[in-house]
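In: Fold the following for me, if possible:
(2 chains)
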2 protein chains.
Amino acid sequence: MKRVMLTVAYDGTDYCGWQVQPNGVTIEQRLNEALSRLLGEDIHVSGASRTDSGVHAMCNLAVFDTENPMDPGRISFAVNTYLPPDIKVRRSMEVPADFHPRFAQTEKTYEYRILNSSFPVPVRSRYTHFCYYKLDTEKMDRAAKYLVGEHDFASFCSVHAQVSDTVREVTGAEVFSEEHEGAFSEPWREIVIRVSGKGFLYNMVRIIAGTLIEVGRGALEPECVPEILEGRDRSLAGPTAPATGLCLTDYRILWIEFEYYNPVD
Amino acid sequence: MKRVMLTVAYDGTDYCGWQVQPNGVTIEQRLNEALSRLLGEDIHVSGASRTDSGVHAMCNLAVFDTENPMDPGRISFAVNTYLPPDIKVRRSMEVPADFHPRFAQTEKTYEYRILNSSFPVPVRSRYTHFCYYKLDTEKMDRAAKYLVGEHDFASFCSVHAQVSDTVREVTGAEVFSEEHEGAFSEPWREIVIRVSGKGFLYNMVRIIAGTLIEVGRGALEPECVPEILEGRDRSLAGPTAPATGLCLTDYRILWIEFEYYNPVD
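Out: Just a heads-up that it's a prediction; the model follows:
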């Protein structure tokens, strides 16, 4: 029996999120089906980050146990032939039998993308949240900086979450924009909210994005963020921004050197 | 009666190209339906660039005639409510009654995007052509530079094209790459082939892309491009690269000042 860790990328648009559920197809279900077919066993993956319906990932992690003697580093190549184009495994490696990325010291990075334009842009509609009113990115960046550090993020946690400890550490937060211009089209830009942290509460990044959009359009001042944090009340923060703009872009596991188990390069 | 020009953007993945045809839904058909509904007339748009099935556009142009008194500059906003998320009009403006962008002096820019990675990346699969072997972008850029200028592009024209004059002017050609890295994922990059010109032959950019991919993987040397041009024989160039990587990114009309007809800002 060995434990294998996968790096998984997906376009979440057409899925009901990560976790298996009775109604609708999920990423976890498609991975279980593909791995079971490849390895000839009943495989159940366990994901590090159970992303919501419509959320994308460049780099989610999952582990599973198998008796199959296949080289763990080759599983990624092999399983991709059984996966649809919107879910792909980017890397596979053996890890210790008791390891699970969800319980390891990790740092995750999320990007929330806003299409800030007077018109929607079809080739970006699956991966951005469309805002037609002009947003002030300098103010949004200033507001984001107040989130960095260890804080009680109760105001940035869904009221449906069942957690007692709402203290989390945000290690980085920035807002920047990418400009696009064309001769016979309105100029447009994509605003990126990039947040890194050692842990996130349910809907935390989407509530951060919703709050920073309020700041960007002038409904809140950047200096309100410390007050929102101190208030520990969900109603003080902005709305939960739609899932479509969110992508889990990076996942780092701290303090463990895995190359020993399965050097790829 | 007035003539209105539209700037149209679309994700071509789920369409059978621009032009109306008996089997399958096209961009032109969706525009005709939406405009006819909005304006209460039987509207027929005429496109500047009749892109193939699967090809995307940030900036295609089309004109149509209407008796409706609606402010031409407002048509873009109004018609978008009748269009699906993967087709949007980014601008509308009145133009002279005898104007058609297809017969005007224009400069178009196309980008062909290659996902160059050992693994596919789901959030880019609709907009890139996947190449798992490593491509040499420096050589590709050197090869592209030979295309700039006025040449007979017969070698870069589909054998199904019905044109007598295959001389076209390419005003710019470059190849560059965008690098992406993650902690637990293989690094990947997107290679962009950007070609501008005053006119293009059928499949010309896709054949240029297919030829530059051959250069990038070492099957052809950059110095072969002048010989391929001189040979005026389709079989000398590389294969036609798949439509999915191609996007019409900009369209400029030369020598005409339109702001008179309908200032937008």
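
In: Can you pull the phi and psi angles for A:Glu178?
Out: Backbone geometry at A:Glu178, expressed as degrees, to the nearest 10, gives phi -110, psi 120.

In: does the nearest residue to it once chain neighbours are set aside count as helix, strand or coil?
Out: Leaving aside its chain neighbours, A:Glu178 sits nearest to A:Glu190 (4.8 Å; criterion: CB to CB, 6 or more residues apart in numbering or on different chains). (Glycine included, C-beta is placed from N, CA and C.) Three-state assignment for A:Glu190 (DSSP: H, G, I helix; E, B strand; the rest coil): strand.

In: pretty sure A:Glu190 contacts A:Tyr127?
Out: No: counting by CB atoms under 8 Å, A:Tyr127 is not a contact partner of A:Glu190; they are 9.0 Å apart.

In: shared neighbours, these two?
Out: Shared contacts of A:Glu190 and A:Tyr127 (CB atoms under 8 Å, 6 or more residues apart in numbering or on different chains): A:Arg113.

In: any chance you could map the strands in chain A?
Out: With DSSP state E as the criterion, chain A has strands at A:2-10, A:46-47, A:56-66, A:87-95, A:106-116, A:129-131, A:149-152, A:167-182, A:185-197, A:246-253.

In: out of those strands, nearest to A:Arg234?
Out: The closest of these to A:Arg234 is strand A:149-152. By CB to CB, the value is 12.3 Å.

In: which parts of the closest one are buried?
Out: By 16 or more other CB atoms under 10 Å in any protein chain shown, the buried positions in strand A:149-152 come out as A:His151.

In: Could you list every helix and strand in contact with that strand?
Out: strand A:167-182 (3 or more CB pairs under 8 Å, 6 or more residues apart in numbering or on different chains; DSSP states H and E).

In: Quick one: work out the angle between the strand it packs on and strand A:106-116.
Out: 40 degrees (axes from the mean of the first three to the mean of the last three CA atoms, to 10 degrees).

In: For strand A:167-182, which strands pair with it and how are they oriented?
Out: Pairing partners of strand A:167-182, with direction, according to DSSP bridges: strand A:149-152 (antiparallel), strand A:185-197 (antiparallel).

In: Report the buried residues of stretch A:62-76.
Out: A:Ala62, A:Val63, A:Phe64, A:Thr66, A:Asn68, A:Met70, A:Pro72, A:Gly73, A:Ile75, A:Ser76.

In: Hmm, the fifth one is touching A:Leu39, no?
Out: When you say that, I think you mean A:Asn68. Yes: using CB under 8 Å, A:Asn68 is in contact with A:Leu39, at 4.3 Å.

In: Excluding sequence neighbours, find me the nearest residue to A:Arg37.
Out: Spatially, and ignoring its direct neighbours in sequence, A:Arg37 is nearest to A:Tyr82 (5.3 Å; CB to CB, 6+ apart).

In: What does the pLDDT read for that neighbour?
Out: Note on A:Tyr82: pLDDT of 97.

In: So it sits against A:Leu39, correct?
Out: No: at 10.4 Å, A:Tyr82 does not count as touching A:Leu39 under the criterion of CB under 8 Å.

In: Those two: who's more crowded?
Out: A count of neighbours by other CB atoms under 10 Å in any protein chain shown puts A:Leu39 above the other of A:Tyr82 and A:Leu39, at 19 against 14.

In: hang on, isn't the more buried one packed against A:Pro72?
Out: No: with contact defined as CB under 8 Å, A:Leu39 does not count as touching A:Pro72 (10.9 Å).

In: what stretches of the stretch 151-265 of chain A score poorly on pLDDT?
Out: A:182-186, A:255-265 (pLDDT under 70).

In: switch to 50 and redo it
Out: Applying pLDDT under 50 to the stretch 151-265 of chain A flags residues A:260-265.

In: just to revisit the earlier point, which stretch among the strands paired with strand A:167-182 comes nearest A:Phe103?
Out: That would be strand A:185-197 among the strands paired with strand A:167-182, by CB to CB, at 16.3 Å.

In: got the buried residues for the closest one?
Out: Under the neighbour-count criterion of 16+ other CB under 10 Å, strand A:185-197 has A:Ser185, A:Glu186, A:Trp188, A:Arg189, A:Glu190, A:Ile191, A:Val192, A:Ile193, A:Arg194, A:Val195, A:Ser196, A:Gly197 buried.

In: Just flag the most distant two among the residues you listed.
Out: Using CB to CB, these span at most 36.7 Å, a distance reached by A:Ser185 and A:Gly197.

In: quick one: which of the buried residues of strand A:185-197 is nearest to B:Asn32?
Out: Of all the buried residues of strand A:185-197, B:Asn32 sits closest to A:Ser185, with 21.0 Å by CB to CB.

In: Just the CA atoms of stretch A:119-134, as CSV, please.
Out: The C-alpha trace of stretch A:119-134 is given here as CSV (Å, rounded to 0.1, in the frame of the first residue of the first chain):
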residue,chain,number,x,y,z
PHE,A,119,-18.7,45.4,-21.9
PRO,A,120,-18.3,41.7,-21.1
VAL,A,121,-15.4,39.9,-22.9
PRO,A,122,-16.6,36.4,-24.0
VAL,A,123,-13.2,34.7,-23.9
ARG,A,124,-12.8,35.7,-20.3
SER,A,125,-16.4,35.2,-19.1
ARG,A,126,-15.7,31.7,-17.6
TYR,A,127,-12.8,33.0,-15.5
THR,A,128,-13.8,36.5,-14.3
HIS,A,129,-16.5,38.3,-12.5
PHE,A,130,-17.8,41.1,-14.7
CYS,A,131,-18.0,44.7,-13.1
TYR,A,132,-19.0,47.4,-15.5
TYR,A,133,-18.4,50.3,-13.0
LYS,A,134,-14.8,51.6,-12.8
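
In: if we can go back for a sec, tell me the bridge partners for the residue nearest to A:Glu178.
Out: Beta-bridge partners recorded for A:Glu190 (DSSP bridges): A:Leu115, A:Glu178.

In: so who does it touch?
Out: Counting by CB under 8 Å, 6+ apart, A:Glu190 makes contact with A:Arg113, A:Ile114, A:Leu115, A:Asn116, A:Arg124, A:Thr128, A:Ser177, A:Glu178, A:His180.

In: A:His160: neighbour count?
Out: By the criterion of other CB under 10 Å, A:His160 has 7 neighbours.

In: scratch that, A:Val159
Out: Neighbour tally, A:Val159, other CB under 10 Å: 9.

In: what does A:Ala78 give?
Out: Neighbours around A:Ala78, by other CB under 10 Å: 16.

In: Near the residue nearest to A:Gly218 when sequence neighbours are not counted, how many other residues are there?
Out: Using CB to CB, 6+ apart and skipping the chain neighbours, the partner closest in space to A:Gly218 is A:Asp136 (7.1 Å). Look at A:Asp136: counted by other CB under 10 Å, it has 16 neighbours.

In: Could I get the phi/psi values of A:Asp136?
Out: Main-chain dihedrals, A:Asp136, degrees, to the nearest 10: phi -90, psi 100.

In: Quick check: it touching A:Glu214?
Out: No: using CB under 8 Å, A:Asp136 is not in contact with A:Glu214, being 11.2 Å away.

In: returning to that earlier point: any idea how far the residue nearest to A:Arg37 is from A:Glu41?
Out: According to CB to CB, to the nearest Å, A:Tyr82 stands 14 Å off from A:Glu41.

In: for A:Glu214, same thing?
Out: Going from A:Glu214 to A:Glu41 by CB to CB gives 49 Å.

In: Between these two, which is the more surrounded one?
Out: A count of neighbours by other CB under 10 Å puts A:Glu214 above the other of A:Glu214 and A:Glu41, at 19 against 14.
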